[in-house]
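Colleague: take this sequence and fold it.
(one chain, ligands or ions: 1)
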Amino acid sequence: MHVDPAVGDADGKGWYTDLATGKRYNGWYIATNFAEQYSLGIHPAEDWNGNGGGNTDLGQDVHAVANGKVVYAADAGRLWGNIVIIEHTFYENQERKEIRSLYAHLHEIKVRKGDDVARRQIIATVGQDPDKLYNAHLHLELRWDKSLTPTYWPSSNGKDQAWVREHYTSPTDFIKAHQTPKGLWRLEYAWALVLTKRVIHRCIKLCVSLIKYFFVRGSVQFMYSRIYG
Ligand SMILES: [Zn+2]
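Modeller: Residues are numbered from 1 along each chain as shown. As a prediction, this is how the structure comes out:
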């Protein structure tokens, strides 16, 4: 399975335009990391923010991190706001695995429960929590545990960091481990490398043959001249 960042381009980078002011900003950063202890307990997610700060990223596209099926798309109320959850099924070491990506504080939801979505498909836009306690950002979770309710919060259930690391995973680490090779050029590059290797191999073979030929011919001529010359 190939996995890409949920905001920005396929590398999680690139320019975006603040929809309110028309100003352009470059790139995104993670304000609160995975498994970080912060004001609300242990953060089982990454908070992705536009580098422009404040609400400059309000309304920016949120992409599905991988192919999957939407299992939840609704307003989950206080603190969370709109949530989309996508279930991804994939095989790794001949083992069937399932992981869920959760996107919260969404401004606008663009998919429905039951939809099949493709990696990089726009599923929503970046928003704020309903009470606007925090600036616009994308709260992105990756959950191994399918049994968790949409608004499940480990710290409210007495869970520690070890538990969080077991039932969730770090989005950045998971994306890095499964990132899509960028574009067709990688395939072309691989082919070019194979072809170059073949050409070099043939050149070496030809050179060796020529050296052998001239060496043998030279030796024979030398011996001939010694014997009959
Ligand atoms: Zn968060």
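Colleague: can you list the strands that whichever strand in the chain runs longest pairs with?
Modeller: When the chain is parsed with DSSP state E, its longest strand is strand 95-109. Paired strands of strand 95-109, with direction, are strand 82-92 (antiparallel), strand 122-126 (antiparallel), strand 138-143 (antiparallel) (DSSP bridges).
Colleague: hmm, residue 40 is touching residue 155, no?
Modeller: Yes: if you go by CB atoms under 8 Å, residue 40 and residue 155 touch, sitting 6.9 Å apart. (C-beta placed from N, C-alpha, C; glycine too.)
Colleague: what does the chain have sitting close to the ion?
Modeller: Residues of the chain lying close to the ion (CB under 5 Å from the ion) are 45, 47, 139.
Colleague: among residue 40 and residue 155, which residue is more densely surrounded?
Modeller: Applying other CB atoms under 10 Å to residue 40 and residue 155 shows that residue 155 carries more neighbours, namely 16 against 11.
Colleague: touching, that one and residue 39? I think so.
Modeller: No: if you go by CB under 8 Å, residue 155 and residue 39 don't touch, sitting 10.5 Å apart.
Colleague: is it true that residue 14 touches residue 24?
Modeller: No: with contacts counted by CB under 8 Å, residue 14 stays clear of residue 24, the gap being 10.4 Å.
Colleague: contacts only, for the closest residue to the ion within the chain.
Modeller: Nearest to the ion, among the residues of the chain, is residue 139, at 3.5 Å (CB to the ion). With contact taken as CB atoms under 8 Å, 6 or more residues apart in numbering, residue 139 is in contact with 45-47, 102-105.
Colleague: re earlier: if I look at residue 40 and residue 155, which residues touch both of them?
Modeller: With CB under 8 Å, 6+ apart as the test, residue 40 and residue 155 reach no residue in common.
Colleague: which residue is nearest the middle of the protein?
Modeller: residue 4 (2.6 Å; CA atoms, centre = their mean).
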